[in-house]
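**Q** Take this sequence and fold it.
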Amino acid sequence: MRIAVAEIGQETDSFSSLVTGLDSFEQYGLYLGDEILEKMPGVGMIGGFLEVAKSEPDAELIPIIRAWAGAGAIISTETLEFFEDKLVNGIKDALPLDGIFLALHGAASAQKDDDLEGYLLSALRRAVGPDIPIVSPLDHHANITKRMIDHLDLFVAFRSQPHDHVETGVLAAKHLFAQVKDEIRPTVGWRKIPMITPQDQFLTSQGPMKVWFDLAREMETRPGVLAASPIPMQPWLDVKEGGWTAVVYTDNDAELAQSLADELANKAWEMREQFWVMDLTPPGDAVREAVEGEGLVILSDTGDSVYGGAPGDSTCLLVEMVKQKITCTALVPIVDPEAVDIAIKTGIGNQVTLAVGGKWDHVFSQPAEITGQVTAISLGFQAWLQDRGFSDLGRTALIEVEGVKLVLLEKRSFAINQPILYTHLGLDVNEAQMVVVKTASNFQFFAPWRKQMIRVDSPGTTQSNLHAFEWKYLPRPIYPLDELAEWKAGG
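**A** I've put the predicted structure just below:
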């Protein structure tokens, strides 16, 4: 049983002014061939696949490529063509095959094609023909397109936010091996839902998202159902087939698959107003509340979520802290390679005045002038991060401005929202009163210290106010950007 293994993953923020090149993927470990089998056990969706493959004694694994870049801006044409070459030619060289495990994000967009996953799957299917099963684990913030449905035999999306990458890889792998052994015949039903919503209700442990995801889990207990995936597309993807999706796979029962997909879609539409309920605090009030808090207060910079694709250079909360002259310890990250370079040249122990941040996002943020002391410098740090494996933090510098411990990053590292960003520069998280995290939902890394969390109504390319963006490609009409007559799946 010859199974090819590959992963190409990135989540695109259409409103970022940056462009994602191959270097962003190299930052997290771009692996080819056997290096994948050496580096990926226990890590991500491929880690889940490898766990299942250990119990398949007849499985011969052919690793092709692993490329992951988290979330970021639109992917360059050269990068997409590199992936197409490595993936398609790698698969061709591996033929004959009995199956393909291809981990994807589902919301990647490139300059050449706004549906990166559909583009690669089309090219892959042309190379291998219609009979080799292709199964993918996906992020549930994917954007499902017709090409993806047409060229995948089955996919399984994340079941929780925060995500469990390994679990999803395990589920997808089990379905792939079952199909290769002719134990199942996946049949799909799917429905696009004309709606988008902000990130505020994306957690699956509560609210309307829990109700929707619980329905999918209940569907999977029904006879003949293989996988039910609610897909609330990440809300900063401006593409031609954008919108939420409901997808159900059954074992060779097309009518059941479609009826359940419609049921799942109608449930989302029924709750559409609930998904727009927000609990956000203005930046100034958020800082004042954090100062008065007890224990570590997490300030969620929702508008500048690096995990959602934002640049990570918003100065919104930094400006408020300096303006309010806070004296308690606040940990603040900002991505600014120019400022890092100046801090390094200034040297440890010296005072520096420089403009930080606001250099990439010129629409929602501006540079902030600060004066502080350079107290630590890292000329390059590599780490094995929780749930993500290898990450290159690049150069970083610590500037102290009264109580503010400002960490400047050279790169948009996944470590921007992890304690290691501060501890590797000699800081103690136990001494902090507040920490800015550039994510709207992945707070788990500070769980040992967290006493309170405040979602800040901050501006930026991942802000909750979706009306602030200029939408060019999203299909219209779509709720709530347009007046939309009553809609019903299958109606």
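**Q** for the stretch 351-491 of the chain, which spans come out with low pLDDT?
**A** 386-388 (pLDDT under 70).
**Q** should've said the chain
**A** Checking the chain against pLDDT under 70 turns up 386-388.
**Q** can you list the domains in it?
**A** The record's domain parsing of the chain by automatic domain parsing lists 2-275, 283-463.
**Q** Please report the distance of the residue nearest to Leu22 when sequence neighbours are not counted from Gly21.
**A** In this structure, Leu22 finds its nearest non-sequential neighbour in Thr79, 5.0 Å apart by CB to CB, 6 or more residues apart in numbering. From N, CA and C alone the C-beta is placed, and that goes for glycine too. Per CB to CB, to the nearest Å, Thr79 is found 6 Å from Gly21.
**Q** picking that back up, what's the helix or strand for the residue nearest to Leu22?
**A** Using DSSP states H and E, Thr79 maps to helix 77-94.
**Q** Check Ala485 too.
**A** Going by DSSP H and E, Ala485 is not part of any helix or strand.
**Q** Next, count neighbours for it.
**A** Number of residues near Ala485 (other CB atoms under 10 Å) recorded here: 6.
**Q** can you give me phi and psi for it?
**A** Here is the backbone geometry of Ala485 (degrees, to the nearest 10): phi -60, psi 160.
**Q** picking up where we left off before, for the residue nearest to Leu22, give me its contacts.
**A** 20-22, 25, 110 (CB atoms under 8 Å, 6 or more residues apart in numbering).
**Q** Could you do Ala355 as well?
**A** Counted by CB under 8 Å, 6+ apart, Ala355 has contacts 339, 367-369.
**Q** Now, of the residues you listed, which are buried?
**A** Among those, those buried by neighbour count (16 or more other CB atoms under 10 Å) are 339, 367-368.
**Q** and the residues you listed, which of them are in strands?
**A** Ala368 (DSSP state E).
**Q** Just put the buried ones among the contacts of Ala355 in a markdown table and tack on distance to Ile416.
**A** Output for these, formatted as a markdown table (distance: CB to CB, whole Å):
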| residue | distance to Ile416 |
| --- | --- |
| Ala339 | 15 |
| Pro367 | 19 |
| Ala368 | 18 |
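**Q** just the helices in the stretch 51-200 of the chain please.
**A** 77-94, 116-128, 146-151, 165-180 (DSSP state H, counting those that start in this stretch).
**Q** Any buried residues in the second one, and which?
**A** Put plainly, it is helix 116-128. Neighbour count says helix 116-128 has 116-125, 128 buried, by 16+ other CB under 10 Å.
**Q** Compute the inter-axis angle for it and helix 77-94.
**A** 30 degrees (axes from the mean of the first three to the mean of the last three CA atoms, to 10 degrees).
**Q** what separates helix 116-128 from the chain centre, distance-wise?
**A** Distance of helix 116-128 from the chain centroid (CA atoms, centre = their mean, to the nearest Å) equals 22 Å.
**Q** Determine the set of other helices and strands touching it.
**A** The contact analysis (3 or more CB pairs under 8 Å, 6 or more residues apart in numbering; DSSP states H and E) places helix 116-128 against strand 2-12, helix 77-94, strand 99-104, strand 134-138, helix 146-151.
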